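[1] Provide a 3D model corresponding to the input given below.
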Amino acid sequence: MVKKTIVQVLGGQYYKEVEFMVNNRDIIISQLSSIALYNSLKSKEVEVILYVPESVVVNLYENPENALEHIKSSGGFLDDYIKTLNLNLDDNFKVKPIQSIGLYKSKHDYEMNFDNCIENIIIQFMSDLISIEGELIIDISTGLNFYVRSLSETAKNLLVYNHLKTILQTESKLQVKTVIVPPIMQDIKGPYPITFLEDNAKTFFEFPYKDLCIHNHLITINKGKNYLKEIFRAAPQISKYIKNKVIKVTYLAFNAIQNNVPLALFSEKIIMFMDTENIVKDQIDQIKSLPDFINNHAKFDENKAKIIINRFKTKKNNILNFLFTLGLYESLKKFYDDKIANKEPTLDYIENTFAPLYAKIGLGVNKRFLERDIKDIKQLVENLEKDQEKCLKDLQSTKNFNEPSNQILLSTDIKRIFFAHSGFLRDFTLVRKVDNDNILVKYKDDNINEIIKWLKDPS
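    Residues are numbered from 1 along each chain as shown. Model prediction:
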């Protein structure tokens with residue numbers, strides 16, 4: 001059975017029991033739609049995560065110092081809050097704190113101002129939910145508007161991340177649904193129907209970053225705040241190894257596929273995938289630790305009537321692009337392990353491997369050009385003796401230049417020719433006929449650096 005995870009943000013001081021209708025038939029009395037859903041599913045494979053905004057402390061505690069201490073204790077207020085709601089939760093429920101934004105006035109005559117940003121909220125949700133597989137159910141029937149917006153964007157980002165992790169293989173292991181519930185009215189017991197909206201996010205075979213000028217830092221700092229620089233340097237960031245190795249390999253492999261240069265993937269001198277599973281996992285763990293780091297280094301301005309809580313701001317776009325790149329890397333690495341590693345790059349194997357791949361990821365033009373160029377090479381090597389290795393240029397007779405598909409070879413722009421002919425540049429490519437059905441191809445060692453240079457900048 002597919003595991004289901006239900007997520008809901010709370011915040012109200014009171015939720016009355018009402019009737020919820022699930023699946024157009026089951027009437028379940030509960031205070032929360034997420035609990036009603038959980039009770040209707042009646043499975044051990046269901047987990048519910050209830051997020052409680054830290055701003056609830058203003059009405060939980062009379063003393064502002066006491067309220068602040070509960071925030072500093074990373075969720076020390078959760079048990080007190082759940083008790084006020086009189087919720088009965090079993091072991092399949094997790095209750096977690098979530099950062100707040102804005103100014104909140106307590107009924108006990110003090111204020112708390114959370115100097116924060118929605119980007120931090122989104123990254124906290126992402127950090128918590130990034131490892132989820134199966135079905136993620138986002139319940140937006142409660143919670144302030146910026147939590148609803150953050151959950152919706154998180155759902156989209158999680159879908160993109162999971163699609164990228166398997167974009168060259170099968171379907172994503174994650175499905176996302178949003179729960180829709182009509183407004184709960186004070187004097188109407190129900191039933192309130194629970195309906196589902198299936199979330200989708202179109203994911204294309206694209207490199208998440210515009211280029212390789214990637215910033216290591218994942219949080220921002222106010223200029224001139226010298227006392228923060230030491231904290232800033234200690235913050236989780238993109239490691240130099242990941243940046244120089246994993247992201248670089250991802251970029252080269254992506255460009256090799258995007259620009260139809262399949263032979264490059266068979267050369268470890270051009271694209272070398274390493275055993276980086278633990279390194280990538282550690283880097284994702286660094287991202288997941290960001291919210292705790294931000295919470296632990298919050299700055300508090302305190303007085304009797306007003307407390308200001310100031311936090312570092314995350315670089316959301318850099319974090320998301322980084323996670324998307326790691327997702328794309330996972331798919332490229334799996335494709336390499338399954339289809340490229342320890343395989344002989346014969347013309348037939350290249351065509352049989354990459355033609356369906358191009359069709360799957362929407363690069364039909366690449367498929368057509370690859371089939372054309374492989375057909376041309378096969379014609380050139382018809383008279384090549386068995387086990388004899390030659391450069392394609394040496395096999396090309398003068399009459400070939402009269403064929404329309406080869407007229408471009410007279411051009412002096414060899415980089416353009418390289419990409420226009422599936423990377424099989426005549427001067428760079430060696431061929432060897434193993435037998436009539438198997439023709440091996442490889443690049444000359446002297447041209448490897450030039451190919452790497454072009455793959456870094458195909459334009």
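
[2] tell me the mean pLDDT for stretch 311-321?
    Averaged over stretch 311-321, pLDDT sits at 91.

[3] again, but for stretch 2-10
    For stretch 2-10, mean pLDDT is 95.

[4] who touches it?
    Stretch 2-10 has contacts (Cβ atoms under 8 Å, 6 or more residues apart in numbering) with 32-34, 37-38, 41, 43, 45-53, 81, 85, 98, 129, 132-139, 141-144, 147-148, 151, 175, 179. C-beta coordinates here come from the backbone N, C-alpha and C atoms, glycine included.

[5] C-alpha coordinates for that stretch, PDB please?
    Below are the C-alpha coordinates for stretch 2-10, written out as PDB (Å, rounded to 0.1, in the frame of the first residue of the first chain):
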ATOM      1  CA  VAL A   2       1.200   3.500  -0.900                       C
ATOM      2  CA  LYS A   3       2.200   5.500   2.200                       C
ATOM      3  CA  LYS A   4       0.100   8.700   2.700                       C
ATOM      4  CA  THR A   5       1.300  11.700   4.600                       C
ATOM      5  CA  ILE A   6      -1.200  14.400   5.600                       C
ATOM      6  CA  VAL A   7       0.100  17.900   6.400                       C
ATOM      7  CA  GLN A   8      -1.900  20.700   8.100                       C
ATOM      8  CA  VAL A   9      -1.000  24.000   9.700                       C
ATOM      9  CA  LEU A  10      -3.000  24.900  12.800                       C
END
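
[6] Would you indicate which residues of that stretch are buried?
    Residues 4-10 are the ones in stretch 2-10 that count as buried (16 or more other Cβ atoms under 10 Å).

[7] list the contacts for Phe335?
    Contacts for Phe335 (Cβ under 8 Å, 6+ apart) come out as 168-169, 357.

[8] CA atoms only: put stretch 287-298 into CSV for me.
    What follows is stretch 287-298, C-alpha atoms only, in CSV (Å, rounded to 0.1, in the frame of the first residue of the first chain):
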residue,chain,number,x,y,z
ILE,A,287,20.0,21.8,3.5
LYS,A,288,17.6,20.1,6.0
SER,A,289,19.6,21.6,8.9
LEU,A,290,19.1,25.2,7.6
PRO,A,291,15.8,25.9,9.6
ASP,A,292,17.4,24.8,12.8
PHE,A,293,20.5,26.9,12.1
ILE,A,294,18.3,29.9,11.5
ASN,A,295,16.3,29.3,14.6
ASN,A,296,19.4,28.8,16.8
HIS,A,297,20.9,32.1,15.6
ALA,A,298,17.8,34.3,15.8
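
[9] Residues in contact with it: which ones?
    The contact list for stretch 287-298, computed with Cβ under 8 Å, 6+ apart, reads 74, 99, 120, 123-124, 126-128, 130, 218-219, 231, 235-236, 309-312, 314, 319, 322-323.

[10] just to revisit the earlier point, out of the contacts of Phe335, who has the most neighbours?
    In terms of neighbours by other Cβ atoms under 10 Å, those top out with Leu168 at 21 neighbours.

[11] Let me know whether it touches Lys360 as I believe.
    Yes: the pair Leu168 / Lys360 is scored as a contact, 7.4 Å apart, by Cβ atoms under 8 Å.

[12] Find the centremost residue of the chain, please.
    Nearest residue to the geometric centre of the chain (Cα atoms, centre = their mean): Tyr161, 2.6 Å.

[13] contacting residues for that residue?
    By Cβ under 8 Å, 6+ apart, the contact list for Tyr161 reads 130, 323-324, 327.

[14] List the buried residues in the helix or strand encompassing Asn113.
    Per DSSP states H and E, Asn113 falls inside strand 111-115. The neighbour-count check on strand 111-115 (16+ other Cβ under 10 Å) flags 112-114 as buried.

[15] do stretch 194-214 as well
    If you call a residue buried by 16+ other Cβ under 10 Å, then stretch 194-214 has these buried ones: 194, 199, 203, 205, 207-209, 214.

[16] what's the domain layout of the protein?
    Here the domain assignment for the chain is 4-205, 342-456, based on automatic domain parsing.

[17] Comparing those domains, which yields the minimum mean pLDDT?
    Mean pLDDT is lowest for domain 342-456 out of those, coming in at a mean of 87.

[18] Now the terminal residues of that domain, how far apart.
    In domain 342-456, first residue to last residue: 25 Å (Cα to Cα, to the nearest Å).

[19] just checking, next helix/strand downstream of the helix or strand where Ile138 lies?
    Assigned by DSSP H and E, Ile138 belongs to strand 134-139. Following strand 134-139 in sequence order, the next helix or strand is helix 145-165 (DSSP H and E).

[20] Just want the angle from that next one to strand 134-139.
    170 degrees (axes from the mean of the first three to the mean of the last three Cα atoms, to 10 degrees).

[21] what about the stretch 201-350 of the chain, any weak spots by pLDDT?
    Applying pLDDT under 70 to the stretch 201-350 of the chain picks out residues 211, 221-230, 232.

[22] Where do the strands of it begin and end?
    Ranges of strands in the stretch 201-350 of the chain, per DSSP state E, counting those that start in this stretch, are 299-302, 306-310.

[23] Each with direction, which strands does the first one pair with?
    Same thing as strand 299-302. Applying DSSP bridges, strand 299-302 is found paired with strand 306-310 (antiparallel).

[24] Output the partner strand as PDB, restricted to C-alpha atoms.
    In PDB, the C-alpha atoms belonging to strand 306-310 read as follows (Å, rounded to 0.1, in the frame of the first residue of the first chain):
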ATOM      1  CA  LYS A 306       7.300  44.200  22.700                       C
ATOM      2  CA  ILE A 307       9.600  41.500  21.600                       C
ATOM      3  CA  ILE A 308      11.200  41.400  18.200                       C
ATOM      4  CA  ILE A 309      12.500  38.200  16.800                       C
ATOM      5  CA  ASN A 310      14.900  38.700  13.800                       C
END
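
[25] Check the separation of the first and last residues in stretch 423-437.
    End-to-end distance of stretch 423-437 (Cα to Cα): 21 Å.

[26] Identify, from the buried residues of stretch 194-214, the entry nearest to Gln388.
    Each of the buried residues of stretch 194-214 was scored against Gln388 by Cβ to Cβ, and Phe205 proved nearest at 37.9 Å.

[27] Check the spacing between the closest residue to the closest one other than its chain neighbours and Asn255 real quick.
    If the residues on either side of it in the chain are set aside, Phe205 comes closest to Ile361, at 4.3 Å by Cβ to Cβ, 6 or more residues apart in numbering. Separation of Ile361 from Asn255 (Cβ to Cβ, to the nearest Å) stands at 14 Å.
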